[in-house]
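Peer 1: sequence and predicted model, in that order:
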Amino acid sequence: MTQASYVQLSEGRQIGFQEYGDPDGKPVFFFHGWLGSRLDFAPNSEIATELGVRVISVDRPGCGASDFQRGRTLLGWTRDIAELADELGFERFAVCGHSFGGPFVAACAKELGDRITSASIVAGISPLSFKGATKGMMSMVRFILWVGGFAPQLLRPYVALMSKMIKSPGFSRKMVGSQLPDAELALLDSPRFEGFFEGLGEMTKNGSKGAYWDARVFMNKWGFDCSEIQIPVSLFYGTADKNVPIQMGEYYRDAIPGAKAIFYEDEGHFIMFTRAREILNSLI
């Protein structure tokens, strides 16, 4: 596992990130899922190199290599990304987010539209404000969202427990395997996917506060409406996703003007890896 890179933001916090792909390629910021980290993108590194994409995979505050920030918000994340882009010398850049990273893409598309060349939400969780939002979602994820919305303080012990358990290779493989439809089961034994399992637990290596606040940020008011996004966003979802059901992709498709959606029949939550080439091609 290679060491993270760091940038110190103007307010004094450090933000950690990992680079993948072509160092001279088109810049794409990647936002990981919940209980994930900057290392989540590792299985796609070779594909990014082939396509000429420079991926900057960023740890959110309190996660992995990034300093903790109490009271953070979705829109606050956009300021971190703008400052990180400035430090790296990017005037314009693309953004891509998987799972819990989806709302952070939406926030960047809303606030940084003039700097974003393209944006993709991959199996990204949506607001829960519409009827049937969680229909078909596995019970563990639905429980997390329910507790986060109505009794967020109860999330702390749950997140702390998950943070410890996910560091066990046996538990993490079993947990991921329970989420996979038949079309994705081969990922469990794929050498390419080993980097993903190695990175599980990185998010909480310094404790569970970052993961807790990640859930809080999503459950709090977003501070914007997706209908306010003024740039096209590409959406990728699997119809057999047990974590983020397809209606969440339909929500974004209907809410974001000009959004384009691709729904993969009988595929699940890990299309970020099984469909990486198509997703990265949408960003260049």
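Peer 2: Arrived safely. All figures in this text were calculated on a predicted structure; none of them were measured in a lab.
Peer 1: from here on, just use CA atoms for contacts and neighbour counts.
Peer 2: Will do.
Peer 1: report the secondary structure state of Gly97.
Peer 2: strand (DSSP: H, G, I helix; E, B strand; the rest coil).
Peer 1: I'd guessed it sits against Phe104; true?
Peer 2: Yes - counting by C-alpha atoms under 8 Å, Gly97 touches Phe104, with 7.1 Å between them.
Peer 1: higher neighbour count, the two?
Peer 2: In terms of neighbours (other C-alpha atoms under 10 Å), Phe104 is the more surrounded of Gly97 and Phe104; the figures are 30 against 25.
Peer 1: once you drop chain neighbours, what's closest to the more buried one?
Peer 2: Counting by C-alpha to C-alpha, 6 or more residues apart in numbering, Phe104 lies nearest to Leu74, which is 6.0 Å off, once chain neighbours are set aside.
Peer 1: quick one, what contacts the one you found?
Peer 2: By C-alpha atoms under 8 Å, 6 or more residues apart in numbering, the contact list for Leu74 reads 103-104, 107, 217-218, 222-223.
Peer 1: dump the residues you listed to CSV, plus pLDDT, distance to Glu267 and secondary structure.
Peer 2: Shown next, in CSV, are these (pLDDT from 0 to 100; distance: C-alpha to C-alpha, whole Å; DSSP: H, G, I helix; E, B strand; the rest coil):
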residue, pLDDT, distance to Glu267, secondary structure
Pro103, 98, 21, helix
Phe104, 98, 23, helix
Ala107, 98, 26, helix
Val217, 88, 28, helix
Phe218, 85, 25, helix
Trp222, 94, 29, coil
Gly223, 95, 32, coil
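Peer 1: which of those residues count as buried?
Peer 2: 103-104, 107, 217-218, 222 (16 or more other C-alpha atoms under 10 Å).
Peer 1: and of those, the nearest to Ile246?
Peer 2: Nearest to Ile246 out of these is Pro103 (C-alpha to C-alpha; 15.4 Å).
Peer 1: roughly how far apart are the closest one and Ile116?
Peer 2: According to C-alpha to C-alpha, to the nearest Å, Pro103 stands 15 Å off from Ile116.
Peer 1: quick one, strands of the stretch 101-250 of the chain?
Peer 2: Using DSSP state E, counting those that start in this stretch, the strands of the stretch 101-250 of the chain run over 116-122, 234-238.
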